[in-house]
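Novice: Predicted coordinates and the sequence they were generated for:
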Amino acid sequence: MRPSLLRAAIALCLAVSLSACGFKLRGSFTLPFQSFYIGLPANSPLGADLRRQIRASQPGVLVDDPKQAEAVFQQVSEKRERIIAAMNAEGRAREYQLRLRYGFRLVDAKGAPLTPVQEIVLAREITYDDNQVLAKNQEEEFLWQAMQQDLAQQILRRLTARQMLQAPAAPEDD
């Protein structure tokens, strides 16, 4: 009887500590648009991830024509970087940092900006060994794919909590 009481107490403490730190499961999301167009090719990995995740939570919101969309997603920039983070005694790289910089914005059907250009920067560390070139190349490719999926999730989180551009207030005539 004591072990079950101990397990229950541990589970209760874990639940209380997770709720106290603000932990929340991701769950589904809702885009604040009635119609949405993704201005990326259908065969691009990011475009496919975004479409798949939007269709899973809001099946009817995606449209095929940007002129019918309330908001249009546009890619502004994408840059992949592989930077040497550490070197060994012989002057060869032993650790790299992979960086993905992605800029995007939302515009309306006429091309007027709805949001400022937003940039997401993702970084991952990878060790390197000259004796395991093929394995390290494959590991690097897996990291790029994981970063691409993480990028899609971060974009969707930003879209659900988007900040619209504030139109300047018109001067009032007295």
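Specialist: Thanks, I have it.

Novice: Listing partners with orientation, what would you give for the top strand by length along the chain?
Specialist: Using DSSP state E to define each element, the chain has its longest strand at strand 71-87. Paired neighbours of strand 71-87 in the sheet (DSSP bridges): strand 36-38 (parallel), strand 93-107 (antiparallel).

Novice: and the helix or strand following the longest one, what does it pack onto?
Specialist: From strand 93-107 onward toward the C-terminus, using DSSP states H and E, the following helix or strand is strand 118-127. In this structure, strand 118-127 packs against strand 93-107, helix 133-160, with contacts taken as 3 or more C-beta pairs under 8 Å, 6 or more residues apart in numbering; DSSP states H and E. Yep, even glycine has a C-beta here, placed from its N, CA and C like the rest.

Novice: so where is the protein shaky, pLDDT-wise?
Specialist: When residues are selected by pLDDT under 70, those of the chain lie in 1, 18-28, 162-174.

Novice: which ones are touching T160?
Specialist: Neighbour list for T160: F29, T30, L31, P32 [criterion: C-beta atoms under 8 Å, 6 or more residues apart in numbering].

Novice: what's around the third one, how many residues?
Specialist: As a burial measure, L31 scores 18 neighbours (other C-beta atoms under 10 Å).

Novice: now swap in the second one and tell me
Specialist: Neighbouring residues of T30 were enumerated by other C-beta under 10 Å; the total is 9.

Novice: do the first one as well
Specialist: The local packing count at F29 equals 16, with neighbours defined by other C-beta under 10 Å.

Novice: about what we covered before: export the helices and strands packed on strand 118-127 as TSV, with columns for distance to I126.
Specialist: Formatted as TSV, the helices and strands packed on strand 118-127 follow (distance: least, C-beta to C-beta, whole Å):
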stretch	distance to I126
strand 93-107	5
helix 133-160	6
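
Novice: hmm, back to that, pull the CA atoms of the longest strand of the chain into CSV?
Specialist: Taking Å, rounded to 0.1, in the frame of the first residue of the first chain, the C-alpha atoms of strand 71-87 are listed here in CSV:
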residue,chain,number,x,y,z
ALA,A,71,-4.0,37.1,-45.8
VAL,A,72,-1.2,35.9,-48.0
PHE,A,73,2.0,34.4,-46.5
GLN,A,74,5.2,35.6,-48.3
GLN,A,75,8.7,34.4,-47.8
VAL,A,76,11.1,37.4,-47.6
SER,A,77,14.4,35.6,-47.0
GLU,A,78,15.9,32.2,-46.2
LYS,A,79,19.6,31.6,-45.4
ARG,A,80,21.3,28.5,-44.2
GLU,A,81,24.7,28.9,-42.6
ARG,A,82,27.3,26.3,-41.4
ILE,A,83,29.7,28.1,-39.1
ILE,A,84,32.8,26.6,-37.4
ALA,A,85,32.2,26.7,-33.7
ALA,A,86,35.3,24.9,-32.4
MET,A,87,38.6,23.7,-33.8
